[in-house]
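Visitor: below are the sequence and a predicted model for it; my questions follow.
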Amino acid sequence: MIQLGVVSQLPLLQGKADLMLLVLIAWGLQDPVKSPWEWGILGGIMISLVTATPFYVVMISYLVVILLARVARRRIWQMPLLVMLVLTFLGTLIFHLISIFVFQISGSVLPLKESLTLVTLPSALLNLLLAFPIYTIITDLARWLHPRELEI
């Protein structure tokens with residue numbers, strides 16, 4: 001609801017932030033979270049219901065981003081905020097490139113240069129601006145939902 005009601009009303013050129021993508025990246029980077037896949041599927045279903053983007057584009061993009069987050073969490077566990085920023089940019093790029101490709105195959109005329117400069121890059125900038133607050137909120141939520149056991 002926040003994405004639909006607030007964030008979608010604050011575009012930069014033609015780009016808009018994708019809060020669900022940011023939440024899924026941040027959730028996938030959390031150590032105590034064992035399986036973010038269900039949330040990726042649920043988020044993909046919710047977003048695909050309210051956008052014109054085909055269902056499979058959203059699902060593939062979100063699940064690829066979660067896969068990248070899980071791999072990065074295991075490999076680069078000391079710098080999660082840097083990984084969040086990198087994955088935010090990559091996730092935005094993956095989502096938009098798959099969308100552009102699918103729309104071009106389906107017959108829509110989307111010039112690649114204009115699509116990247118007017119939609120993808122502004123969306124990436126907005127996502128990068130929101131990445132830190134989203135990561136902080138999701139980290140606190142993960143610690144609250146999965147408290148660490150105290151060793152005596």
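Guide: Structure's in. What do you need?

Visitor: shaky segments in this protein?
Guide: 1-12, 77, 149-152 (pLDDT under 70).

Visitor: host element of the residue nearest the centre of it?
Guide: Centroid-nearest residue in the chain, with Cα atoms, centre = their mean: Leu21, separated by 1.8 Å. Using DSSP states H and E, Leu21 falls within helix 19-28.

Visitor: from the chain's centroid, how far away is that helix?
Guide: 5 Å (Cα atoms, centre = their mean, to the nearest Å).

Visitor: following that helix, which helix or strand shows up next?
Guide: The first helix or strand that comes after helix 19-28 along the chain, using DSSP H and E, is helix 37-50.

Visitor: just the CA coordinates of that following helix, formatted as PDB?
Guide: C-alpha atoms of helix 37-50 as PDB (Å, rounded to 0.1, in the frame of the first residue of the first chain):
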ATOM      1  CA  TRP A  37      11.700 -17.500  -1.200                       C
ATOM      2  CA  GLU A  38       8.200 -17.600   0.100                       C
ATOM      3  CA  TRP A  39       8.300 -13.800   0.600                       C
ATOM      4  CA  GLY A  40       9.700 -13.400  -2.900                       C
ATOM      5  CA  ILE A  41       6.800 -15.400  -4.400                       C
ATOM      6  CA  LEU A  42       4.200 -13.500  -2.300                       C
ATOM      7  CA  GLY A  43       5.800 -10.100  -3.200                       C
ATOM      8  CA  GLY A  44       5.900 -11.000  -6.900                       C
ATOM      9  CA  ILE A  45       2.200 -12.000  -6.800                       C
ATOM     10  CA  MET A  46       1.200  -8.800  -5.100                       C
ATOM     11  CA  ILE A  47       3.200  -6.600  -7.400                       C
ATOM     12  CA  SER A  48       2.100  -8.400 -10.600                       C
ATOM     13  CA  LEU A  49      -1.500  -7.900  -9.600                       C
ATOM     14  CA  VAL A  50      -1.200  -4.100  -9.500                       C
END
